[in-house]
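**Student:** got a predicted structure plus its sequence, pasted below:
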Amino acid sequence: MSKLMNPAAPEASAELILEAASGKRSHQRFRRTRRWVWRSLGLLALVAMVVLAAFGPFPWQLLGQGTLLLSVVVVVLLALGVLMPEKPDFVLSGINHGQNMGEDVFYSGTVAAAMEGLVAGVPSIAISYCGSDLELLETHKEGLRALLRRIFAVRDFPAETLLNINLPAIPGDQVKGVKVTHLGSRVFSEEIALMKDPWGKEIYWIGGGRITWTGGADSDFRATADGYISVTPLHMDMTNYRLLETVRSWLTGD
């Protein structure tokens, strides 16, 4: 992962600081433990913080290992609050092996790590790959580098903004372009199955079944399915403003 993220950063870039949890942390968005142990051992990089400052011949890498309770959210919290002398210009989270589109953003550890950057007032980017072939993922290096270069060049980047990027599961040279999208929606069918474990006890297996996507031509899932890179701007305010007056009417009057 770090082999792809590092060269994917723009050449004119900067100081690259890698922070990592102790292993895979998918779907652990809400896990923010207060009890952990920090050790200076090298690990897979899940979160990369890019500091647009003086660029040396080699990026400074700070890798750490925690207990199994250390989540990606805590990694970002620790890095921004303790380990880094100054706030970075961007927080990059990823690259996740698997899509983070639609309702995924509410459960994703990749998106949660980027969201923690927003909590600290740092513009953030979450990056996911919709496939599982890591050799194919390597072919997206140049396209991702060009996309990040354009994002980093934006002056007065909007506050409290998270860009959720999803790379299509095709070779990088077959990507048709970049589309700015909205979140789609997915429905699972037959997601929960009753099974038996090796000891004969009944268990419920969650995560199988079929997925049906909806959302229209400008949704994230449609863009990646059509061979485009999806870029979805997200923010922390989840208020449904269209319903504010409606809900007030429920709670006022006789």
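**Tutor:** Alright, I've got the coordinates.

**Student:** quick one: the strands in the stretch 151-254 of the chain?
**Tutor:** Secondary structure of the stretch 151-254 of the chain (DSSP state E, counting those that start in this stretch): strands at 162-167, 177-180, 185-189, 192-196, 202-206, 210-214, 228-234.

**Student:** who's in contact with the third one?
**Tutor:** Contacts with strand 185-189, where a contact means C-beta atoms under 8 Å, 6 or more residues apart in numbering, come from 101, 102, 103, 209, 210, 211, 212, 213, 214, 215, 219, 221. Heads up, the C-betas are built off the backbone N, CA and C, glycines and all.

**Student:** list the contacts for residue 164?
**Tutor:** 100-101, 105, 111, 114, 125-126, 128, 220, 230-234.

**Student:** can you pick the most crowded of the residues you listed?
**Tutor:** In terms of neighbours by other C-beta atoms under 10 Å, these top out with residue 114 at 32 neighbours.

**Student:** separation between that residue and residue 125?
**Tutor:** 6 Å (C-beta to C-beta, to the nearest Å).

**Student:** now residue 133. Its backbone dihedrals?
**Tutor:** phi -80, psi 110 (degrees, to the nearest 10).

**Student:** residue 105: what's its closest spatial neighbour, skipping adjacent residues?
**Tutor:** residue 111 (4.7 Å; C-beta to C-beta, 6 or more residues apart in numbering).

**Student:** ok, that neighbour - contacts?
**Tutor:** 29, 93, 100, 104, 105, 126, 162, 164, 234.

**Student:** adding distance to residue 194 and pLDDT, write those residues out as a markdown table.
**Tutor:** As requested, those are exported to a markdown table (distance: C-beta to C-beta, whole Å; pLDDT from 0 to 100):
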| residue | distance to residue 194 | pLDDT |
| --- | --- | --- |
| 29 | 27 | 48 |
| 93 | 35 | 91 |
| 100 | 29 | 94 |
| 104 | 25 | 89 |
| 105 | 29 | 92 |
| 126 | 34 | 95 |
| 162 | 38 | 94 |
| 164 | 34 | 97 |
| 234 | 36 | 95 |
